[in-house]
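Enquirer: sequence unavailable; structure follows:
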């Protein structure tokens, strides 16, 4: 556990990025707050999944700039990032409730899977569009706007699916 803390400390000490491993600590409180306001756990999970993909991308980019890359490092980063997100949720009993399921899967976990998948697709589409446009985005802040719009549309869809 100390090794993980030291590793995280080394990652966040040089610069602050939009998503950082320390933000996972806030997830438990955030889920509690969204539950208090009546937001479905699937919708919360969608944003957590998007956050986690952003975390993985940022971590891989940062480690690549530092030339800390080895065979399997990207896969290891995925495992570490998802563990840092899922562990506090499991430890605080926010995932795994028998009555908090949609389509037979825990709502938060389902949201994380769907949000992660959508953000990965979004990242791939953005890269393809950027290559098609000579290495430039089609509009300012496209890399920021596109995932937010994608996750927002998905959230609205799941709001309609889960509000009964």
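Expert: Done, it's in. Computed from a predicted model, the values in this text were never measured in an experiment. Numbers count the residues shown, from 1 in each chain.

Enquirer: which residues of the chain fall in helices?
Expert: Counting by DSSP state H, the chain has helices at residues 2-13, 25-36, 41-65, 73-91, 107-132, 142-162.

Enquirer: and the fourth one, what other elements does it pack with?
Expert: This means helix 73-91. Packing contacts for helix 73-91, counted by 3 or more CB pairs under 8 Å, 6 or more residues apart in numbering; DSSP states H and E, involve helix 25-36, helix 41-65, helix 107-132. (C-beta placed from N, C-alpha, C; glycine too.)

Enquirer: what is the last one packed up against?
Expert: On a contact count with 3+ CB pairs under 8 Å, 6+ apart, helix 107-132 meets helix 41-65, helix 73-91, helix 142-162.

Enquirer: and among those helices, the most buried is which?
Expert: Mean neighbour count (mean count of other CB atoms under 10 Å) peaks for helix 41-65 among those, with a mean of 21.

Enquirer: that helix to helix 107-132, inter-axis angle?
Expert: Taking axes from the mean of the first three to the mean of the last three CA atoms, to 10 degrees, one finds helix 41-65 and helix 107-132 inclined to each other by 50 degrees.
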